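1. Make a model of this:
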Amino acid sequence: MESIAKSLMEELECETVFTIPLFGGIDIAESVVVTWIIMAVVVIASIILTRDLKVDHISKRQAAVEMVVTKLTGIVEEMIGPEGKAYVPYLTTVLIYIGLSNIIGLFGMKAPTKDLNVTIALSVMSIVLVEGAGIYHHGVKKWLHKFTEPIAVVTPINILEVFTRPLSLCMRLFGNVLGAFVIMELIKQLLPFFLPAVFSLYFDLFDGLLQAYVFVFLTSLYLREAIE
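-> Presented below is the predicted three-dimensional model:
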């Protein structure tokens with residue numbers, strides 16, 4: 001158990017890669033650098049895959065890209081419904097980022113989602129979008145009135161929900177990613193040969209993509225409630 005605890009602490013420790021000498025020094029954490037790598041990969045892949053697009057007689061590459069984009073946006077559109085179509089690009093981007101962040105461990109890098117700061121930032125961004133969408137679609141007056149529904153006595157609870165939702169999103173994503181690491185360490189202790197590699201593939205790939213889906217699904221659910 002001591003070795004598992006030690007491994008867990010090492011995994012939770014977010015090292016500073018370098019410091020920018022501005023405003024007394026800005027520490028750049030490992031999770032930020034890995035996020036930059038993910039962003040660079042996505043941007044470069046987007047530039048390469050969207051070159052020479054055609055309307056007729058499209059290439060196999062373009063057909064494959066269109067199929068992937070259609071599938072991803074279709075999944076998100078089913079979650080949020082037709083009224084939330086304007087939010088599909090953001091949610092699809094979050095889905096791609098969290099998915100890549102969770103599976104990047106297969107390439108020997110630490111997943112940014114193992115940094116609590118990253119999951120907090122993602123959760124806060126999502127809830128700000130949800131509340132902003134509520135104000136945009138219904139106006140400030142109706143948005144404030146929703147806190148008194150169904151009766152005024154529950155107003156404190158409804159206000160508290162604004163803060164508990166991002167906490168729920170954050171801890172669900174962070175906890176599941178961390179839980180998968182703990183299970184993997186236990187498996188390595190009990191079965192040191194072959195099976196750890198199989199389970200690592202499962203947790204880093206399938207479970208990582210599943211957690212990305214769950215995060216976007218819950219955000220879509222909150223958005224749907226806010227705009228309908």
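2. element containing the residue most central in space within the chain, please.
-> Centroid check for the chain by CA atoms, centre = their mean gives I98 as the closest residue, at 3.6 Å. Using DSSP states H and E, the element containing I98 is helix 88-103.
3. What of G208?
-> Element membership for G208, per DSSP H and E: helix 208-227.
4. Equivalent analysis for I159, please.
-> helix 155-190.
5. got the angle for that helix vs helix 88-103?
-> Interaxial angle, helix 155-190 versus helix 88-103 (axes from the mean of the first three to the mean of the last three CA atoms, to 10 degrees): 30 degrees.
6. name the helices or strands packed onto helix 155-190?
-> In terms of contacts (3 or more CB pairs under 8 Å, 6 or more residues apart in numbering; DSSP states H and E), helix 155-190 is packed against helix 2-12, helix 116-145, helix 195-201, helix 208-227. Using the backbone N, CA and C atoms, a C-beta is placed for each residue, glycine as well.
7. Deepest-packed of the ones you listed, please.
-> helix 208-227 (a mean of 20; mean count of other CB atoms under 10 Å).
8. what's it packed up against?
-> In this structure, helix 208-227 packs against helix 60-80, helix 88-103, helix 116-145, helix 155-190, with contacts taken as 3+ CB pairs under 8 Å, 6+ apart.
9. In CSV: the ones you listed, plus distance to S46.
-> Putting the helices and strands packed on helix 208-227 into CSV (distance: least, CB to CB, whole Å) gives the following:
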stretch, distance to S46
helix 60-80, 9
helix 88-103, 10
helix 116-145, 21
helix 155-190, 25
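10. would JSON lines of those helices with mean pLDDT and distance to R224 be doable?
-> Shown next, in JSON lines, are the helices and strands packed on helix 208-227 (pLDDT from 0 to 100; distance: least, CB to CB, whole Å):
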{"stretch": "helix 60-80", "mean pLDDT": "88", "distance to R224": "6"}
{"stretch": "helix 88-103", "mean pLDDT": "91", "distance to R224": "11"}
{"stretch": "helix 116-145", "mean pLDDT": "89", "distance to R224": "9"}
{"stretch": "helix 155-190", "mean pLDDT": "78", "distance to R224": "13"}
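11. Select, out of these, the one closest to Y222.
-> With CB to CB as the measure, helix 116-145 is the member of the helices and strands packed on helix 208-227 nearest Y222 (4.6 Å).
12. got the angle for the closest one vs helix 208-227?
-> If you take the same axes, to 10 degrees, helix 116-145 sits at 20 degrees to helix 208-227.
13. helices or strands up against helix 116-145?
-> So helix 116-145, by 3+ CB pairs under 8 Å, 6+ apart, packs with helix 30-49, helix 88-103, helix 155-190, helix 208-227.
14. returning to what we had before: now do the helix holding G208: distance to the chain's middle.
-> Chain-centre distance of helix 208-227: 9 Å, with CA atoms, centre = their mean, to the nearest Å.
15. if we look at it, which residues are touching it?
-> Outside helix 208-227, the residues within contact range by CB atoms under 8 Å, 6 or more residues apart in numbering are 75-76, 79-81, 83-84, 87, 91, 94-95, 98-99, 101-103, 105, 111, 113, 122, 126-127, 129-131, 133-134, 137-138, 165, 168-169, 172-173, 176-177, 180.
16. Then stretch 83-101?
-> Taking CB under 8 Å, 6+ apart as the rule, stretch 83-101 contacts 34-35, 38, 41-42, 72-73, 75-77, 79-80, 111-113, 118, 122, 126, 129, 133, 173, 208-209, 211-213, 215-216, 219-220, 223-224, 227-228.
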